[in-house]
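Peer 1: mind folding the following:
(3 chains)
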Amino acid sequence: MIDVAAPFLEATVRTATPLALAALGEMVAERAGVINIGVEGAIIAGAFGALVGAGAAGLGAGFALAIVAGCLVSMVFAVFVVALRADQIITGAAVTLLGLGLTGVLYRTMYGASGAALSIPTTGVLVIPVISELPWVGRALFAQPVTTYLLYALTPALAWWLYRTHAGLALRAVGESPDAARAAGVRPDRIRVAAMLFGGALAGLAGATLVLAQAGTFAEGMSAGRGFIAIAVVALGSWSPWRTLLAAVLFGAGFATQTLLQALGWDVPYQIFLALPYLLALAALAGAAGRARAPAALGRSN
Amino acid sequence: MRGPAGRRSPVHELAATVVPALALLVVLVVAILVITSLAGGYDAVAVMRAFWRGSFGSSDALLSSTLVRATPLILAGLAVAFAFRAGILNIGAEGQILAGAAAATTVALTLADRPAALVITAALVAGAAGGAAWALLPAILLRWFGVLDVISTIMMNFVALHGVGYLVRGPLQEVLGIYPQSSTLPDAVHLPMMVPGTRLHLGFALALVVSIALAVILRSTAAGFRIRVTGENPFAARIAGGIDVQRTGMRVFLMSGAIAGLAGAIEVLGVTFALYENLSPGFGYTAIAVALLGALDPVRVMLSGIFFGALEAGAGAMQRDAGVPSVLVSVIQAMIILGLLATAWWRAKRAAAPPPVPGASEGERLDEATAG
Amino acid sequence: MNAPPALTLEHITKSFGPVRALASASLEVRRGTVHAVLGENGAGKSTLMRIAFGLLRPDAGRIRVDGVMRDHASSAAAIRSGLGMVHQHFTLVPTMTVAENVALGGRGRFDMRAARRIVDQLTLDTGLVLDPGALAGALPVGAQQRLEILKALAHRAHTLILDEPTAVLSPVEADELLAWLRRFADNGGAAVLITHKLREASAIADDVTVLRHGRTVLTGAIASLTEPMLVHAMLGAPPESDVPERAASGTRPASGDIVLRADGVTVSDDRGVPRLRDVTLELHRGEIVGIAGVEGAGQRELLRALAGRLVPRSGALRLPSHIGFVPGERQRDALALDMSLSENVALRGAGARRGWMRWRAIDARTRQLMKRFDVRAGSETQSARSLSGGNQQRLVLARELDGDPPPGLLVAENPVRGLDVRAMEDVLQRLLAARDAGMCIVTHASDLDEVLAIADRLFVCFDGRLTETAVDREAAGRAMVGAT
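Peer 2: Okay, the predicted model is just below:
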């Protein structure tokens, strides 16, 4: 049993890592009242940035450029949503198209039409001694690329920031009632822009994870809908950091089940497990599984 | 991003607004093509020629490529536009297309040996019903649970994707059980061709019919009027018009799903002839751009669908013949949407109302007072 | 008494476009006192206080807090200089707890337990009892108001501005609040109490300032002023040109058939607070019934109930089948601004319409209405947004008065607000004509004179009750502020 369970858990965490990164960023933006369906565009931009950066100047540059690229895409979104008061959904859709299109064109133009396999430095698995020897979960949790460990640090940090600082309180208030926040001396627009940029940076890191820690190369459209999945993850995670992390793991498990079932040789339609997290999220939103309430001002640009 | 005021003569309106818009679009497309060519070191003239050849350059390109590609875009664009008109943000056309395609395939394969006209009709109806069914849950969640339409429809897209993934590997898989796709539909139940010798199927005509029907509904029926008022100003709709805004929204949501479902059914019966996982290369998302460029007006959405169909067809040829990546289309689409948003902002800014008169509303409007 | 004044406003002037809201208004609040600011609707009380609190910038004038000159560029600046404001419409985050609402706007680390302790300490210090863990939105209105005060005090406000604080409170709660304000002032605070209610002012205020038409017309210690002096200062003489001559209204006998009957009707606002209790009314054909009341006295809810747009909380209400309704916020509630005039005319009854839209007939009817009601527009196809305010209102009126047969009842909220003199006169004449043709009209206007200009009978909302008074400025004005 161990021989299928361990790879399953490992695959779960691996798949969950980029999802969780993007979802945590999106969660922060949504807590500030902004739903950014342009995350998909920021992820793919981050992936491309990672490729360019790592190819030119190594791993560090790859991660850095990924963050910059994610922020740039989010900046476009922020300008339209905050300065131009444009509809968040329509802008988000445009930003996704922009990210997917631009990276595709640039990739083909810069690396040739064939898109031949590129060799870039990748980050290997970082095995933490002793605890990675724990049965079952040891390797799944503690033999992962560096971004997974970042996630372990980021989630509690975000939870602390959101609930234990006045800035976090202000951000939550902006997402619930910008007018009330403004009356208390908070500046909603500034907070929203900051939240969107943070979301862009994490989406960029998610893209970098795909390229530098998993695929080892870039492919057009390799974000493969993860930006949209992240929005579902946030909803299933009921807009809280820890639960968003758990929700990402659940989505990851859904994907990993596919290989698990094959390994076990069971003839069960694995698509049920892929679709299940979405159905759970919908149920949670409807109030069937505890309280999952979106920020009251979510999606309103004005 | 709403339709214009008034009901000027449709022809006059089209002439007045479409021509300059089209001119601008052509300039934009040419500009992006030239910039890309220069930046990427392609031959700009060859790029342009390939683009033209693939989209409008020959009757075959127009009929077999552009209009075939335009058909699902028109229908999905109509679905999105119709929902937006009532203030419903249906981002779920993609899932509704898949649900419609799956339902149509199931019906067509089950009834395959019946009279062709019956099978085709039944499959189309099933497609519309499937799309509506896929919109039902988000509509219920929106009306009774206040769940944002955007979030729920995005999720339903993925459920549809995995649902089709299951069907083409399970109950609907082709008889050999090798490929993840359904059996191919027998020739008899394919949609008839509109022009012999081309690939232009009857679905295109259907898309035109739907577009005109929606235009008539919105312009000339009491129900359509309710939809427009609800989208324009739900407060006035409720208070001055006595309209049940929620019920109107729910009906529009289902109808929007039905139109997208029909798009999926037509794609199966007229183009792919089988159910695949990646049946839709993002029609449902492109549809947002189609709807916006068409200013949410059914007739103009039809034209904008043809424009986007040409764009995608031309881009395909451009990639084949001149080596310019076809994903450039996404950049063009994004630029069009962002340009429309910026224009809307610019217009609103120029038409900005003078400052409010004190006491112009009962009680204190702190939000207005502090926003400035 | 040597301390500098808590708040001094000197010669504040403010215009909104062509409308002058404040013309050199002044106010001086002594530390240790409760200062009542009195005035009719639109006298400029709220505008003046918003300027003091940094929500609006004055065109001219000076603000001093505790003797120090201040430039309140934002409410944050006003909060820093020691002011706190309790708005009539609360500015709470309803989904957050009491403690979080109090803490909002702070810096650095946020500790829920510390925030709760702050609330508990404030409760101890002030006697304003609140559960720090309760959700703000779930609190009853009185507690939400206490929370607003606590928020201000947590930011170390020692001068409080309260805008009509008792309008939303029950009599017992109101008494408690006023007693609390008294203690707050006695302990070295200062409070500005914006109010319509003379009783309230005389009960707890030390000083009073009366505003009329944006000017300070009276100020002094309340002990030195009598009620008639205050009433006279508030109401003044009727303004000359604001409202046209009353056209042949007055004392028509209410002899027509009964159009509407309300029996023991209680109406609540959207927060569920009952605003008018036990209203019993009979309205007849061929009369104009004016409803007067200060802002928030419940006339809005009553009119919406009479128009069939709001279900009463209790009581029996019998309405005619056809009702015309002219809402106060016409751009929001009456018109789809980006639709054509014909479409806006078609809006009436859209909910129940079946089948096809007969646009040709609707266009013809719209043209006819435009002509009859003098709606100035190039054609019926242009957008409602392109019309002036007066033409928009005439269009709404035309739509709501029209019908075959015409509606038996027309309910009109602020039918002439924001219109110029000509347009105003025109609208009033049309209402009178409709009455003479047998219609029953119920109307309210924030400006009492607009109601008096056409009303045959007059009711006043005060303190949750509806009472009939003479159609007379003095009588109505006194009833609106609870003077006897």
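
Peer 1: CA atoms for contacts and neighbours, from now on please.
Peer 2: Noted.

Peer 1: what does the stretch 151-300 of chain C put close to chain B?
Peer 2: By C-alpha under 8 Å from any C-alpha of the partner chain, the residues of the stretch 151-300 of chain C that approach chain B are C:295-296.

Peer 1: okay, and for the stretch 151-300 of chain C, where does confidence drop off?
Peer 2: C:237-255 (pLDDT under 70).

Peer 1: can you give me the helices for it?
Peer 2: Per DSSP state H, counting those that start in this stretch, the stretch 151-300 of chain C has helices spanning C:171-186, C:198-204, C:227-235, C:299-306. These are given in chain order.

Peer 1: dump these to JSON lines, plus distance to chain A and mean neighbour count.
Peer 2: What follows is the helices of the stretch 151-300 of chain C, written out as JSON lines (distance: least, C-alpha to the nearest C-alpha, whole Å; neighbours: other C-alpha atoms under 10 Å in any protein chain shown):
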{"stretch": "helix C:171-186", "distance to chain A": "22", "mean neighbour count": "17"}
{"stretch": "helix C:198-204", "distance to chain A": "27", "mean neighbour count": "17"}
{"stretch": "helix C:227-235", "distance to chain A": "31", "mean neighbour count": "17"}
{"stretch": "helix C:299-306", "distance to chain A": "24", "mean neighbour count": "24"}
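
Peer 1: make a markdown table out of those helices and add distance to B:Ala44.
Peer 2: As requested, these are exported to a markdown table (distance: least, C-alpha to C-alpha, whole Å):
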| stretch | distance to B:Ala44 |
| --- | --- |
| helix C:171-186 | 77 |
| helix C:198-204 | 81 |
| helix C:227-235 | 78 |
| helix C:299-306 | 66 |
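
Peer 1: run a quick neighbour tally on the residue in chain A that chain C sits nearest to.
Peer 2: Across chain A, no residue is closer to chain C than A:Thr165, which sits at 4.1 Å (C-alpha to the nearest C-alpha). Using other C-alpha atoms under 10 Å in any protein chain shown, A:Thr165 has 19 neighbouring residues.

Peer 1: what do you get for the one 10 residues further on?
Peer 2: The tally of other residues near A:Gly175 (other C-alpha under 10 Å) stands at 27.

Peer 1: what does the one 4 residues further on give?
Peer 2: The burial metric for A:Asp179, expressed as a neighbour count using other C-alpha under 10 Å, is 22.

Peer 1: and for C:Asp463?
Peer 2: Neighbour count for C:Asp463, taken as other C-alpha under 10 Å: 22.

Peer 1: surely it is in contact with C:Ala297?
Peer 2: Yes: C:Asp463 lies in contact with C:Ala297 (C-alpha atoms under 8 Å); the separation is 7.0 Å.

Peer 1: show the pLDDT at the residue of the stretch 301-450 of chain C at minimum distance from chain A.
Peer 2: Using C-alpha to the nearest C-alpha, C:Arg332 is the residue of the stretch 301-450 of chain C that sits closest to chain A, at 15.9 Å. You'll see C:Arg332 listed with a pLDDT of 90.

Peer 1: and it, what element?
Peer 2: Secondary-structure assignment from DSSP states H and E places C:Arg332 in helix C:330-333.

Peer 1: what helices and strands are in contact with the helix or strand following that helix?
Peer 2: Next along the chain after helix C:330-333, taking DSSP H and E as the criterion, comes helix C:341-346. Using 3 or more C-alpha pairs under 8 Å, 6 or more residues apart in numbering or on different chains; DSSP states H and E as the contact test, the elements touching helix C:341-346 are helix C:359-372, helix C:389-401.

Peer 1: in JSON lines: those helices, plus mean pLDDT.
Peer 2: Formatted as JSON lines, the entries for the helices and strands packed on helix C:341-346 read as follows, by pLDDT from 0 to 100:
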{"stretch": "helix C:359-372", "mean pLDDT": "94"}
{"stretch": "helix C:389-401", "mean pLDDT": "90"}
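
Peer 1: still on that earlier bit, correct me, but the residue of the stretch 301-450 of chain C closest to chain A touches B:Glu232?
Peer 2: No: using C-alpha under 8 Å, C:Arg332 makes no contact with B:Glu232, being 10.6 Å away.

Peer 1: test my guess that C:Asn344 contacts C:Leu335.
Peer 2: Yes: counting by C-alpha under 8 Å, C:Asn344 sits close enough to C:Leu335 to count as a contact (6.2 Å).
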